[in-house]
Structure formats: C-alpha cells, structure tokens
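Participant: coords please:
(one chain, ligands or ions: 1)
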Amino acid sequence: MASPEGIWNPAAECQPRPERERLQLARLRETLAWAASRVAFYRERLPSEPVRDLEDLARLPFTRKADLREHYPFGLFAVDQTDIARIHASSGTRGKPTVVGYTSGDLDVWNEVMARVLVAAGGRPGDLVHVAYGYGLFTGGLGFHQGAERVGMTVVPASSGNTARHCLLLRDLRPAGLGATPSFALHIAETLAEQGVKPGELGLRWGMFGAEPWTQGVRRALETGLGLRAHDVYGLSEIVGPGVSGECEARDGLHIADDHFLPEIVEPDTGRPLPPGRQGELVLTTLTKRALPMIRYRTGDITTLSVEPCRCGRTSARMARLVGRADDMLVIKGVNVFPSEVEGALLDVAELVPHYLLVVDRRATLPRVEVQVEPAPAFFERCGGGLDPALAAVAMLREQVTARLRAALGLSVEVTLMEPRTIPRSEGKAVRVIERTEDARR
Ligand SMILES: [Zn+2]
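Facilitator: Modelled structure (predicted):
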C-alpha cells in the first residue's frame, strides 16, 4: 500500500544514506561474486581482489552495448535458460537486437521499482491507467503494465500506434493516468484538439513520459494539451526497463532506485569518474539482478547526479533530466549539438507546434543544417492559409526562430516554415534527425 505521503516503499526510498551505502556495498559484492562465478566474460575481466568500498567500483572495467551484441543472444546470462521467466529485446537499429532476460525474482524487482515511480508521479491504487507504450519485445508496455498492476491500478493495455483508437479510449474510459513516449502523447493531444476535445474534459490527472529525452517546453505542451501533470521516467532494457528512475511531485530530478541500480557519471571520452553535479555519461551497475547482471554499463545517456536530500523525503540519488544520448550528439562544424537543445529553443515560440525535423546535409564540404518547423494552425490562418515569405508575420517568425536557434546552438541554421501537419508525427519513438551523407546511410 502507498503511504499517505505518496511513497510506495518508505523503508527503501527514505532509507538514511549511510545505511543505504552499506546495503549498496553488500549487494555490489554479491553481484560481483555472482557474475564472476557464472559468466565467463566477467570472470576473465573482473579483478580477483574484493572491492573494499563503493569508490573501488571505478577500478572495474565497463560493460558496453557492443559486449551484449558480441555475446548475442545469451552469452552474458548468469542463469540457465530454464531459470529465465521472460525475454525482452532492444529495437536494434543496427543489425541484431540486444537480448535481455529476467528470472522471476528479477521481474519482481522490476515491478517494485516501477511501482515506486508510478506512485511518485501521483498514481494511486484504483486509478485507471492508459498504457500507450509499445507492448512486445520493447520493455515499455509490459514494464508499465506490471508496475501498475502491482500498485493496484486498472490497466488499459492500449499499446502504441493507431492514434484514433487512443483518442476514443481516452475520451470514453476517462483514465486518471497516461504512460506514453512524449512525442506520441503530443500527437494524441493534437488529434484530440482537432476533435474539439478540451483538455479538462478528459479527467487525466498524471502522465509518465519517457523512452526519449524531452524538454521543459514539451512538458508545458503536454500539460496544457492533456490537462495533466507530466512526469519524466527513465529506464533501459539492459538494466531492467522503465523504472530505473522517475520524477516525484517536486520534479527536481529523477529519483534512481539506487538500492537496485548503482549510478555513476563518467567523462564520455575518457571514462574518468566525475563528481556529483558534473555532466557526463550515466553508468549503471545492477545490484540485485540475477539473470543478467550488468557491471558498470555505459548507458550512453548524458546527465548529472545529485545526492542532496529532496523535499519529498526520498533519500535516493537523483539524475537530471536527460540532455540526450552520447550517440545522438551531432557534431556540426565542430559544435556539439543535441537534438533536445533544438527542441528546447523551439518550444518557447508560441506560434509553433511542438514538432520539428533537423536535416543535416553532409554531402557538401561544409555541412548544411536545416530545421523544419511548423506554425500553429491559428498562425497559418492569420496569414491567409499560406506561408508567403513576403508576408511580414511570416518573415518575422522565421527570423525569430533563426535567432533563437543561433543563440541556443552557437551555430547558424536554415529555418524552413512548413505547412500544417506536414512534419511526420510519431506513433512510438520520434525521428527528429535526418542525416544525409554521401553513402546515404540513415
Ligand atoms: Zn523527490
């Protein structure tokens, strides 16, 4: 049962830090012994001397996504297949997917951490929750589903895709909670607005959005568009799936279930550990997983850590909302650009809808960057249903967006205003970047 203060598991989530650190060290030692005794990959790499304290973790080698691919499908598993209760897999944008497995005990841990973030976001037993994450090999749908069942919610397993059906279900079933990727939720909000549905009519109270980085601007758009409080949630299948961390009502960073997943921040290039408050790549070590223990897994996600107490009373480490993935970082004319920075700059412009496309053309000697944006229908109508560049309002909007992007990115980009609903909407994870190269990859 959730406590009156809205904390699912106060004993774990509000445990004093020194006590938690002792628990982390004990669990880390267990995990290292478990991994070394059962997985050849770890036996060959882990030093034989025991870890004395949590700082010793920094001496251990990293595990990378490439290691999972190299040992595809089951090479890093620490238990026999007969002890695996469930398999999930990542989407595998390049070649083979990454296969992960769970014992029934691991599934239990997953449900527990998902229950924590659901309750932190305002979910309560008895709530009806609409799960619009994809079901199947992707961990999003089933992760939310089981966590919500653990809390005692009524689950609508709507899955992703088919926007019209989502709108119908949201209107007719009137859920209290919504789980979706932020880009898909924006698309749903826009479609509902076209149907003339006012956000207040829906009865949504809380939403949990993750599986892609998003900004404060998207938060505002989701909250006005759907009439709910929007919370960030984070996870990855290699560690467990959604539920690694999530925002509480203070929404001042995402609380990590650090009694199960030990976080570090390292410099992406050198792997050097960075202190709390410094931005770098998130590295996670599982402390309780048995099927697929992960030692110092390089997530590729860029964030900062804080161990300061939160006003909600939870004592767990918090991570800042993601800046982006190290993989998603574009280097354009020597400048590092995260698509989330483009989004952040665009979403403060009231005349634009929250959809954009970043087109990087690298076929010329100097890359050309075009940002395609879409004015809101009201703006389009004010301009007489066209975007004639000779119109003062059109020219001014274009100039305003160009200046904002230049200031945010430190880079000049070309801005193209597109007609309403011409930028593709997402029914899952959004594609915001198109790179054109000589060999036309991506
Ligand atoms: Zn908090």
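Participant: Those residues of the chain touching the ion, which are they?
Facilitator: C248, A250, C310, C312, R314 (Cβ under 5 Å from the ion). Bear in mind the C-beta positions are built from the backbone N, C-alpha and C, glycine included.
Participant: can you do 6 Å?
Facilitator: Near the ion, the residues belonging to the chain are C248, A250, H255, C310, C312, R314 when assessed by Cβ under 6 Å from the ion.
Participant: Give me the distance between the closest residue to the last one other than its chain neighbours and A320.
Facilitator: Translated: R314. Once its chain neighbours are removed from consideration, R314 has its nearest residue in E13; the separation is 4.7 Å (Cβ to Cβ, 6 or more residues apart in numbering). E13 sits 19 Å away from A320, taking Cβ to Cβ, to the nearest Å as the criterion.
Participant: What of D53?
Facilitator: Going from D53 to A320 by Cβ to Cβ gives 26 Å.
Participant: Doesn't A148 lie inside a helix?
Facilitator: Yes - counting by DSSP: H, G, I helix; E, B strand; the rest coil, one finds A148 located in a helix.
Participant: Surely it touches L128?
Facilitator: No - with contacts defined as Cβ atoms under 8 Å, A148 does not count as touching L128, sitting 9.6 Å away.
Participant: In the stretch 151-300 of the chain, which residue sits nearest the ion?
Facilitator: Of the stretch 151-300 of the chain, the residue with the smallest distance to the ion, taken as Cβ to the ion, is C248 at 3.3 Å.
Participant: how many other residues sit next to L54?
Facilitator: 15 (other Cβ atoms under 10 Å).
Participant: and the nearest residue to G126 once chain neighbours are set aside, how many residues sit next to it?
Facilitator: If you skip the residues right next to it in sequence, G126 has G152 as its closest partner in space, 6.5 Å away by Cβ to Cβ, 6+ apart. For G152, the number of neighbouring residues by other Cβ under 10 Å comes to 14.
Participant: next one: the one 4 residues further on
Facilitator: Taking other Cβ under 10 Å as the criterion, the count of residues near V156 is 20.
Participant: Then P175?
Facilitator: The local packing count at P175 equals 25, with neighbours defined by other Cβ under 10 Å.
Participant: Quick one: residues contacting it.
Facilitator: Residues touching P175, when contacts are defined by Cβ atoms under 8 Å, 6 or more residues apart in numbering, comprise D127, L128, V129, H130, V156, L169, G203, L204.
Participant: again, but for L32
Facilitator: Residues in contact with L32 (Cβ under 8 Å, 6+ apart) are Y42, L46, P50, V51, L60, I295.
Participant: rerun at 7 Å
Facilitator: Contacts were defined as Cβ atoms under 7 Å, 6 or more residues apart in numbering; by that measure L32 touches L46, V51, I295.
Participant: and if you look at T285?
Facilitator: L28, L57, L262, M294, I295, R296, Y297.
Participant: what about the second one, neighbour count?
Facilitator: By that I understand L57. Using other Cβ under 10 Å, L57 has 19 other residues around it.
Participant: so it sits in a strand?
Facilitator: No - L57: not assigned to a strand; according to three-state DSSP it is helix.
Participant: Start at 53, not 1
Facilitator: Will do, 53 is the new start, and the previous item becomes L109.
Participant: if we can go back for a sec, if you count what's nearby, which of E65 and A372 comes out ahead?
Facilitator: Neighbour count, other Cβ under 10 Å: between E65 and A372, E65 has more, with 23 against 17.
Participant: what secondary structure does I240 sit in?
Facilitator: Using three-state DSSP, the secondary structure recorded for I240 is helix.
Participant: Go ahead and confirm it touches T215.
Facilitator: Yes - in this structure I240 lies within contact range of T215 using Cβ atoms under 7 Å: 6.1 Å.
Participant: Please, where are all the helices along the stretch 103-252 of the chain?
Facilitator: Residue ranges of the helices in the stretch 103-252 of the chain, as given by DSSP state H, counting those that start in this stretch, are 117-122, 156-172, 191-203, 215-225, 234-246, 251-254.
Participant: Adding mean neighbour count and distance to G386 as columns, could you present these in CSV?
Facilitator: Below are these laid out as CSV (neighbours: other Cβ atoms under 10 Å; distance: least, Cβ to Cβ, whole Å):
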stretch, mean neighbour count, distance to G386
helix 117-122, 16, 27
helix 156-172, 23, 39
helix 191-203, 25, 36
helix 215-225, 15, 40
helix 234-246, 21, 29
helix 251-254, 15, 43
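Participant: Of those, which is nearest L439?
Facilitator: helix 234-246 (18.9 Å; Cβ to Cβ).
Participant: What mean pLDDT does stretch 486-493 get?
Facilitator: Stretch 486-493 carries an average pLDDT of 66.
Participant: Show me which residues of stretch 247-262 are buried.
Facilitator: By neighbour count on 16 or more other Cβ atoms under 10 Å, the buried set for stretch 247-262 is V249, P251, L254, L256, R257, W258, G259, M260, F261, G262.
Participant: so what's the first one up against?
Facilitator: For V249, the contacting residues are R223, by Cβ under 7 Å, 6+ apart.
Participant: And for the second one?
Facilitator: Neighbour list for P251: T276, G277, L278, G279 [criterion: Cβ under 7 Å, 6+ apart].
Participant: For M260, see how far away T233 is.
Facilitator: Counting by Cβ to Cβ, the gap between T233 and M260 amounts to 10 Å.
Participant: right, I mislabeled it, should have said E73
Facilitator: The span separating E73 from M260 equals 28 Å under the rule Cβ to Cβ.
Participant: Could you do A416 as well?
Facilitator: Where M260 is concerned, A416 sits at a distance of 42 Å (Cβ to Cβ).
Participant: Also E65?
Facilitator: E65 sits 17 Å away from M260 when distances are taken as Cβ to Cβ.
Participant: coming back round to it: could the residues of the chain next to the ion be laid out in a markdown table, adding secondary structure?
Facilitator: Rendered in a markdown table, the data for these read as follows (three-state DSSP):
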| residue | secondary structure |
| --- | --- |
| C300 | coil |
| A302 | coil |
| H307 | strand |
| C362 | coil |
| C364 | coil |
| R366 | coil |
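Participant: which among those gets closest to D353?
Facilitator: Checking the residues of the chain next to the ion one by one against D353 (Cβ to Cβ), the nearest turns out to be H307, at 15.9 Å.
Participant: Look up the closest residue to the closest one, ignoring the ones flanking it.
Facilitator: Nearest non-adjacent residue to H307, counting by Cβ to Cβ, 6+ apart: S368, 4.7 Å away.
Participant: got it, and E73?
Facilitator: Residue nearest to E73 in three dimensions, not counting chain neighbours: L106, with 6.3 Å by Cβ to Cβ, 6+ apart.
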